[in-house]
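1. Sequence first, predicted coordinates after that:
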Amino acid sequence: MASDPDKLLKKHPGLTHSELQKVTSHVQREKDDWYLNTVMIAGHNVPFKFKRKQPYKSLTGASVNLTYYPEIETVAGFKVEIMHVVRIKKS
């Protein structure tokens, strides 16, 4: 399976994989040809961001498996830590 998280983790040691994470908030907005998605996870103060070509079904209240890495984003001159999601799947 090409999207197996174990294969991704071996190939890219900076990635983190979390399972059965509860989504408390899911927001998506359109930018150019992409839909930017921001997910908040219970127990975390950091937004998890990913983008898709098509709108994504609302994940609020769902349990998901995530593969992500930390990233710094500048917003209005402030540096904010985010988690860049490379793989998300409902569990």
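-> Noted; the coordinates are in hand.
2. Phi and psi next, for residue 54.
-> The phi and psi torsions at residue 54 (degrees, to the nearest 10) take the values phi -120, psi 160.
3. Would you check that residue 59 makes contact with residue 90?
-> Yes. With contacts counted by CB atoms under 8 Å, residue 59 reaches residue 90, the gap being 7.3 Å. From N, CA and C alone the C-beta is placed, and that goes for glycine too.
4. So the two - more neighbours on which side?
-> Comparing residue 59 with residue 90 by other CB atoms under 10 Å, the one with more neighbours is residue 59, at 18 against 10.
5. what comes up buried for the longest strand along the chain?
-> Longest strand of the chain, by residue count under DSSP state E: strand 16-31. By neighbour count on 16 or more other CB atoms under 10 Å, the buried set for strand 16-31 is 21, 23, 26, 28.
6. ok, the second one to residue 50 distance?
-> Counting by CB to CB, to the nearest Å, the gap between residue 23 and residue 50 amounts to 12 Å.
7. okay, and the common contacts of the two?
-> Listed as contacting both residue 23 and residue 50 by CB atoms under 8 Å, 6 or more residues apart in numbering are residue 39.
8. mind checking pLDDT for the residue lying closest to residue 37 once chain neighbours are set aside?
-> Excluding its sequence neighbours, the residue lying closest to residue 37 (CB to CB, 6 or more residues apart in numbering) is residue 28, at 4.6 Å. Residue 28 is assigned a predicted lDDT (pLDDT) of 95.
9. and if you look at residue 9?
-> Listed pLDDT for residue 9 reads 65.
10. can you check residue 72 too?
-> We have a pLDDT of 95 for residue 72.
11. pretty sure it belongs to a helix, no?
-> No. The assignment for residue 72, made by DSSP: H, G, I helix; E, B strand; the rest coil, is strand rather than a helix.
12. Just confirm it contacts residue 80, I think it does.
-> Yes. At 7.2 Å, residue 72 counts as touching residue 80 under the criterion of CB under 8 Å.
13. quick one: which of the two has more around it?
-> A count of neighbours by other CB under 10 Å puts residue 80 above the other of residue 72 and residue 80, at 12 against 8.
14. All set, thanks.
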